[in-house]
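K.L.:
Predicted model follows, preceded by the sequence.
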Amino acid sequence: MKYSELVKILRKHKCRIIRHGANYDIWFSPLTQKQFEIPRHRSQEVKTGIANAIFSPSPLQSISAQAQSFVTYIACDTMVYRKHNLNRAVKKTLSIPEWMNEAATEAGFNFSQVLQEALSEKLDALS
């Protein structure tokens, strides 16, 4: 996840920057009432461990319920959704015959788009 993507999510959830450190921004979450650090490397990916720590679920004991209410766990597996909707580009190197490259380039094909469409079609056929 890019720094900018993480910042959008944090702002959407009303988190705010408390102060800027030398290499880190110190953030505050009004939901969890906790502070956390995020490295300020805008062009690099935020390490998975940092994002997971920020988005980890609250302990059940730390959530208070109002009168006539209760707190319970809801288990959900978001991996299928995330894999299907995570559209971060991954660079792949492939080989095709020279004649095919020339014909496709001349026709103005977008190689990435054609490959994505073909793979989507094949994957859809599997399910």
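P.N.:
Received, thanks. Numbering: from 1, shown residues only.

K.L.:
which helices and strands sit right next to the lowest-mean-pLDDT helix or strand in the chain?
P.N.:
Ranking every helix and strand in the chain by mean pLDDT, DSSP states H and E puts helix 79-85 at the bottom, with a mean of 74. With contacts taken as 3 or more CB pairs under 8 Å, 6 or more residues apart in numbering; DSSP states H and E, helix 79-85 sits against no other helix or strand. C-beta coordinates here come from the backbone N, C-alpha and C atoms, glycine included.

K.L.:
distance of Ala107 from Leu119?
P.N.:
Relative to Leu119, Ala107 is positioned 20 Å away (criterion: CB to CB, to the nearest Å).

K.L.:
Which one of these two is surrounded by more residues?
P.N.:
Looking at Ala107 and Leu119 with other CB atoms under 10 Å, you find the greater number of neighbours at Leu119, namely 10 against 7.

K.L.:
what's the more buried one sitting at in phi/psi?
P.N.:
Note on Leu119: its backbone torsions stand at phi -70, psi -40 [degrees, to the nearest 10].

K.L.:
Can you name the element that comes right after the least confident helix or strand of the chain?
P.N.:
helix 98-107 (DSSP states H and E).

K.L.:
Packing partners of that next one?
P.N.:
Using 3+ CB pairs under 8 Å, 6+ apart, helix 98-107 sits against no helix or strand.
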